[in-house]
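Chemist: let me see the structure of the following:
(one chain, ligands or ions: 2)
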Amino acid sequence: MCEAGKSDHHSAERCVDFPVSVVLPAGGTGERTGLQTPKQFCTFLGRPLISYTIQAFESMPWIQSIVVAVAKENMDLMTDIIQRFKHRKVRAVPGGSTRHRSICNGVLALGEEERPAVGRPKVVIIHDAVRPFVEEDFLCKIAMAAKEQGAAGAIRPLVSTVIATTSEGYLDHSLERAKYRASEMPQGFTYDVISQAYQRCSESDFEFGTECLHLALQYCGTNAKLIEGPPTLWKVTYKRDLAAAESIIKETLSRSACVITGGLAEAVNLADALRKAVGALDMELDIVPDLMGDNARCLLKEWNFIQVSVSHSCLSEVEAILVALEAENRALLHPVVVIWVHFSRTDELPVSERAPTAITELASTAKHRNILIYGIQLKQSKVMLLSYISHLYILGCTHILICIGINVPSSATKRMDRNFKSSVI
Ligand SMILES: Nc1ccn([C@@H]2O[C@H](COP(=O)(O)OP(=O)(O)OP(=O)(O)O)[C@@H](O)[C@H]2O)c(=O)n1
Ligand SMILES: O=C(CO)[C@H](O)[C@H](O)COP(=O)(O)O
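Modeler: Ligands and ions are numbered 1, 2, ... in the order given. Below you'll find the predicted structure:
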């Protein structure tokens, strides 16, 4: 089995070379939040929670289709969300009166795919619509294990001890916490296992059951492989979880960036150094040569962009990002930052002296579209370059802080700080 590195789409694709589809049950009312709006439709930064969950799956190229099960009264709302946020792999089907009924409707829909290019999946991933933080490397492990074992699911250590009570409200017995785990999502099944489990299970399972892995065991004799997942898999259940989800969404968006190298050796080296440096900061970086073909998936993520340019005509590379964002026509509801890191050789004129009007115009037009362009010009010295770039942080969506100090004499720090300010567009 290959190892899927963090956010490495190519290794994930190499691992998951079979058709995978997703069912997102989203037919609940979210009673426990105490809100009128079902939690999956609560909005953060102008985008409903369910759209973040869909986007997480949609950005993985090896996911072929997604079925969302929603209550009939929310069908129009869901259709509107699919159109407004340009979800391309998604189809909405009517949910049921319980979670199992909603999931079952989704699985049935996968068997009746209308698009000829999308065949019946080998593996079906089931994931609650209200768990927006699903990571590709973990999902890849679930999909692989599901294909090999028939079923697989995420687990987490228990936070509290589980006890059984008597009907009078006294302690009956308690479970040994170390032996038990909390069952979380995502879960994966071969299409055959999950569809047979739902064909064979009882009305009581449909009405009161809470565990798909249990259905696979009881009705298909399939023992699921259990894999410990990250803490971010938690389910939005109470009102306070909505606030927590919002703050994670904001933080994730501002700490994720796509580095575009143009395939040039200096730029690739710089991007690799940057990836090493930010690894410890829990910042996610995707490094791609351009935004063409498969790499266009980066445009769907609402991440920030770092264009590393080496050549003279590099402004066109920043323009290309803007054109690509324009073509994608995604809803830019919060600022996206494009940082242009320009390597200048010592004999070159500074960017600001060569093309001041073009750069300023580009930046001010982009600003109207909620895209903030920042430029950093780096002079050749390799030693300086690495210390400089390795301390580049993206804070929030609107500020960039360059912290300099490690391995750089303080006089140089001051000099570079001045340079940075003067090269911000
Ligand atoms: N009839 C139902 C009930 C639940 N779900 C979905 O199952 C997931 C997990 O369920 P839960 O957190 O219990 O959601 P709700 O049932 O909406 O919440 P509550 O129990 O507080 O009403 C959610 O995405 C929810 O929309 C569903 O598709 N159909
Ligand atoms: O974690 C899960 C176990 O498979 C499900 O998400 C959970 O059962 C759904 O939860 P609820 O009972 O809150 O509807």
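
Chemist: pLDDT weak spots in the stretch 51-200 of the chain?
Modeler: Residues of the stretch 51-200 of the chain meeting the criterion pLDDT under 70: 116.

Chemist: which bits of it sit near ligand 2?
Modeler: Taking Cβ under 6 Å from any ligand atom as the measure of proximity, the stretch 51-200 of the chain contacts ligand 2 at 99, 128, 183, 184, 185. No exception for glycine: its C-beta is placed from N, CA and C like everyone else's.

Chemist: possible to save those as JSON lines with secondary structure and neighbour count?
Modeler: Converted to JSON lines, these look like this (DSSP: H, G, I helix; E, B strand; the rest coil; neighbours: other Cβ atoms under 10 Å):
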{"residue": "99", "secondary structure": "helix", "neighbour count": "19"}
{"residue": "128", "secondary structure": "coil", "neighbour count": "23"}
{"residue": "183", "secondary structure": "strand", "neighbour count": "17"}
{"residue": "184", "secondary structure": "strand", "neighbour count": "20"}
{"residue": "185", "secondary structure": "strand", "neighbour count": "23"}
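
Chemist: and of those, the nearest to residue 156?
Modeler: For those, the closest approach to residue 156 (Cβ to Cβ) belongs to residue 184, at 5.4 Å.

Chemist: hmm, back to that, quick check: the two most widely separated of the residues of the stretch 51-200 of the chain next to ligand 2?
Modeler: Largest pairwise distance in those, by Cβ to Cβ, is 14.1 Å, between 99 and 184.

Chemist: one step back: the residues of the stretch 51-200 of the chain next to ligand 2: which ones sit near ligand 1?
Modeler: Filtering those for proximity to ligand 1 (criterion: Cβ under 6 Å from any ligand atom) leaves 99, 128.

Chemist: in contact with residue 186, which residues?
Modeler: 125, 126, 127, 131, 134, 138, 139, 142, 153, 154, 233 (Cβ atoms under 8 Å, 6 or more residues apart in numbering).

Chemist: skip the chain neighbours and tell me the closest residue to the last one.
Modeler: Same thing as residue 233. Excluding the flanking residues, the one nearest residue 233 by Cβ to Cβ, 6 or more residues apart in numbering is residue 184, at 4.8 Å.

Chemist: need the outlier residue of the protein, farthest from its centre.
Modeler: residue 168 (46.1 Å; Cα atoms, centre = their mean).

Chemist: sec struct for it, please.
Modeler: Of the three states, residue 168 takes coil under DSSP: H, G, I helix; E, B strand; the rest coil.

Chemist: dihedrals phi and psi, it?
Modeler: Per-residue torsions, residue 168: phi -90, psi 0 (degrees, to the nearest 10).

Chemist: how much space separates it from ligand 2?
Modeler: Taken as Cβ to the nearest ligand atom, to the nearest Å, the spacing of residue 168 relative to ligand 2 amounts to 25 Å.

Chemist: make residue 1 into 5 and carry on from there
Modeler: New numbering, starting at 5: the last item is residue 172.

Chemist: please, which helix or strand holds the closest residue to ligand 1 within the chain?
Modeler: As assessed by Cβ to the nearest ligand atom, ligand 1 sits closest to residue 32 within the chain, at 2.1 Å. Using DSSP states H and E, residue 32 sits within no helix or strand.

Chemist: give the burial count for the nearest residue to it once chain neighbours are set aside, as a bare number.
Modeler: Excluding the flanking residues, the one nearest residue 32 by Cβ to Cβ, 6+ apart is residue 42, at 6.2 Å. When neighbours are defined as other Cβ atoms under 10 Å, residue 42 has 24 of them.

Chemist: which residues touch residue 42?
Modeler: Counting by Cβ under 8 Å, 6+ apart, residue 42 touches 30, 32, 33, 34, 75, 78.

Chemist: cool, thanks, talk later.
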